[in-house]
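> coords please:
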Amino acid sequence: MPKLILVRHGQSQWNLENRFTGWVDIELTPLGIEEAQNAGKLLKGISIDVLFTSVLIRAKSTAEIILKEMGITEIETHRDQALNERHYGDLQGLNKDDIGKQYGLEQLHIWRRSYDIPPPNGESLKDTQARVMPYYYSTIEPMLKAGKDVLVVAHGNSLRSMLMHLENISKDKITELNIPTGTPYLIELDENLNIKSTCYLESGN
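Predicted coordinates for the structure are as follows:
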């Protein structure tokens with residue numbers, strides 16, 4: 001039965017600085033590299049046939065580190081901006097605490113977590129889902145239907161939008177979902193791609 005493994009990239013420099021990153025290409029921090037290495041160790045021994053990442057360096061670097069830790073030197077790889085993080089528009093590069101002080105914590109929460117309210121000149125989660133899911137259906141799902149084990153290394157919001165569909169999470173509940181950096185989420189599927197089980201792989205499990 002096919003497996004779908006989702007990994008949010010390791011901590012980036014702007015994660016560390018509490019800044020809205022979006023489509024800005026920011027490198028991993030030393031902790032982010034360590035998180036990616038740990039993800040690779042947790043995934044060692046699990047079969048992976050195909051890799052998907054966004055085109056952003058923090059996702060690509062995380063994937064490369066994971067594969068190195070797993071001892072995988074060659075794998076079918078697809079990179080597409082459809083899997084990029086949500087575009088935060090005018091907020092990109094700004095500190096989240098500063099935005100909270102300027103516009104209020106409630107507005108900050110709405111811009112960060114609401115399903116269909118975008119930040120100024122940016123994308124909502126709904127907008128992100130509108131590019132992620134067609135890519136999922138056209139490119140990722142056929143791999144799973146063929147029985148292949150798939151690893152997707154992407155971003156908090158592109159993965160949230162995917163999980164919203166896969167796990168049938170409501171617009172209200174999706175606001176509560178936060179995906180930790182560098183922690184593999186293993187989804188086991190049946191032949192009809194119904195979910196059999198899900199779990200985060202963590203040290204000590």
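> Tell me who's in contact with residue 40.
By C-beta atoms under 8 Å, 6 or more residues apart in numbering, the contact set of residue 40 is 65, 66, 67, 68, 69, 70. C-betas here are computed from N, CA, C, even on glycine.
> let's see it at 7 Å
65, 66, 68, 69, 70 (C-beta atoms under 7 Å, 6 or more residues apart in numbering).
> Now do the helices in the protein.
13-16, 30-43, 57-70, 96-103, 105-113, 125-135, 141-145, 156-166 (DSSP state H).
> who wins for proximity to residue 88 among these?
helix 105-113 (8.0 Å; C-beta to C-beta).
> What residues of that closest one count as buried?
Under the neighbour-count criterion of 16 or more other C-beta atoms under 10 Å, helix 105-113 has 108, 110, 111, 112, 113 buried.
> Go through those residues and name the one with the lowest pLDDT.
pLDDT across the buried residues of helix 105-113 is lowest for residue 113, at 87.
> Setting aside sequence neighbours, what's the nearest residue to that residue?
residue 175 (4.3 Å; C-beta to C-beta, 6 or more residues apart in numbering).
> count of residues packed around that neighbour?
By other C-beta atoms under 10 Å, 17 other residues sit near residue 175.
> gap between it and residue 110?
According to C-beta to C-beta, to the nearest Å, residue 175 stands 9 Å off from residue 110.
> ditto for residue 92
For residue 92, the distance to residue 110 - C-beta to C-beta - is 17 Å.
> same question, residue 24
The gap separating residue 24 from residue 110 is 22 Å, by C-beta to C-beta.
> can you check residue 167 too?
Residue 167 sits 23 Å away from residue 110, taking C-beta to C-beta as the criterion.
> again, but for residue 19
18 Å.
> Also residue 53?
Distance check for residue 53 against residue 110: by C-beta to C-beta, it reads 29 Å.
> tell me the centre residue of this structure?
Centroid-nearest residue in the chain, with C-alpha atoms, centre = their mean: residue 155, separated by 3.0 Å.
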